[in-house]
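Enquirer: Return a 3D structure for these sequence lines:
(one chain, ligands or ions: 1)
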Amino acid sequence: MLAAPINPSDINMIQGTWRTEAVFSEEELITVPSDIPLQSAATLGVNPCTAYRMLMDFERLRPGDSVIQNASNSGVGQAVIQIAAALGLRTINVLRDRPGGTMVTYGGMAKQPVIASVSQLIFKDLKLRGFWLSQWKKDHSPDQFKELILTLCDLIRRGQLTAPACSEVPLQDYPCALEASTQPFVSSKQILTM
Ligand SMILES: NC(=O)c1ccc[n+]([C@@H]2O[C@H](COP(=O)([O-])OP(=O)(O)OC[C@H]3O[C@@H](n4cnc5c(N)ncnc54)[C@H](OP(=O)(O)O)[C@@H]3O)[C@@H](O)[C@H]2O)c1
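Expert: Numbers count the residues shown, from 1 in each chain. Predicted coordinates:
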């Protein structure tokens with residue numbers, strides 16, 4: 001292991017229980033190409049995958065179409081902006097507010113229920129959907145996940161997808177990284193380096 005990000009789900013995990021070891025079968029593991037930057041490789045497996053699947057799986061989007069998202073300065077949001085641009089899509093990026101359209105909820109940082117506009121539901125046929133990458137991985141084969149990772153690696157090589165703003169922190173300083181990762185308005189992904 002060279003580097004690993006602290007994602008919100010990791011914080012949720014250590015607030016409950018966590019593991020120190022895991023055993024995987026060979027087909028569950030993917031070799032990450034060594035010709036992409038370390039921070040891109042470390043942050044590839046969760047947020048860019050989530051961004052890519054949400055752009056692909058909910059609406060048939062064509063070049064020139066627009067995507068509206070909130071929490072757009074998050075790791076996922078930064079990946080949405082870049083992957084959408086690579087696909088010829090336009091993005092409207094909202095900070096701490098709520099958009100309309102087909103609304104795909106994938107995180108609950110505000111820990112509040114999602115409230116939908118009744119007029120948009122009735123008159124605009126607003127659709128409410130959810131996405132969870134872990135479920136997508138259960139519903140798809142390891143080969144399909146590998147294909148997704150390699151598609152994203154191609155975007156990274158072409159300079160169309162970069163890692164989010166990152167702060168590298170040596171593993172032994174993990175308490176500082178954990179503290180920083182829970183601070184509001186600090187849009188920098190904490191990366192533990194070995
Ligand atoms: N469903 C899935 O499969 C899946 C996959 C990956 C991530 N996620 C979820 O997606 C979310 C983002 O993950 P990430 O790694 O991109 O996180 P991140 O880089 O740490 O960004 C967190 C974002 O949440 C915003 N935020 C925090 N507290 C908020 C609040 N009370 N009200 C409104 N916005 C708030 C922050 O805004 P500021 O910059 O303004 O503080 C920031 O934009 C998390 O909830 C995570 O669990 C879900």
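Enquirer: CA atoms for contacts and neighbours, from now on please.
Expert: Will do.
Enquirer: For the helix or strand harbouring residue 55, give the mean pLDDT please.
Expert: In this structure, residue 55 sits in helix 47-57 according to DSSP states H and E. Average pLDDT, helix 47-57: 97.
Enquirer: Mind listing what's buried along it?
Expert: The neighbour-count check on helix 47-57 (16 or more other Cα atoms under 10 Å) flags 47-55 as buried.
Enquirer: Can you narrow these down to the ones near the ligand?
Expert: Among those, the residues that sit close to the ligand (Cα under 6 Å from any ligand atom) are 47, 50.
Enquirer: In CSV, list the buried residues of helix 47-57 along with distance to residue 174.
Expert: Putting the buried residues of helix 47-57 into CSV (distance: Cα to Cα, whole Å) gives the following:
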residue, distance to residue 174
47, 21
48, 24
49, 25
50, 25
51, 27
52, 29
53, 31
54, 31
55, 33
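Enquirer: Give me the three-state assignment for residue 192.
Expert: Classification of residue 192 by DSSP: H, G, I helix; E, B strand; the rest coil places it in strand.
Enquirer: Residue 2 and residue 194 touch, don't they?
Expert: Yes: when contacts are counted by Cα atoms under 8 Å, residue 2 is listed as touching residue 194 (5.3 Å).
Enquirer: give me the number of residues near residue 102?
Expert: 16 (other Cα atoms under 10 Å).
Enquirer: Quick check on it: phi, psi?
Expert: Dihedral pair for residue 102: phi -90, psi 110, per degrees, to the nearest 10.
Enquirer: which residues sit in contact with the residue most central in space within the chain?
Expert: Central residue of the chain (Cα atoms, centre = their mean): residue 47, 1.9 Å from the mean position. By Cα atoms under 8 Å, 6 or more residues apart in numbering, residue 47 lies in contact with 75-76, 79.
Enquirer: 6 Å instead?
Expert: residue 76 (Cα atoms under 6 Å, 6 or more residues apart in numbering).
Enquirer: What of residue 31?
Expert: Counting by Cα under 6 Å, 6+ apart, residue 31 has no contacts.
Enquirer: can the lowest-mean-pLDDT helix or strand in the chain be found next to the ligand?
Expert: Of all helical and strand segments in the chain, the minimum by mean pLDDT, DSSP states H and E falls on helix 8-15, at a mean of 84. Yes: looking at helix 8-15 against the ligand by Cα under 6 Å from any ligand atom, the contacts come from 8-9.
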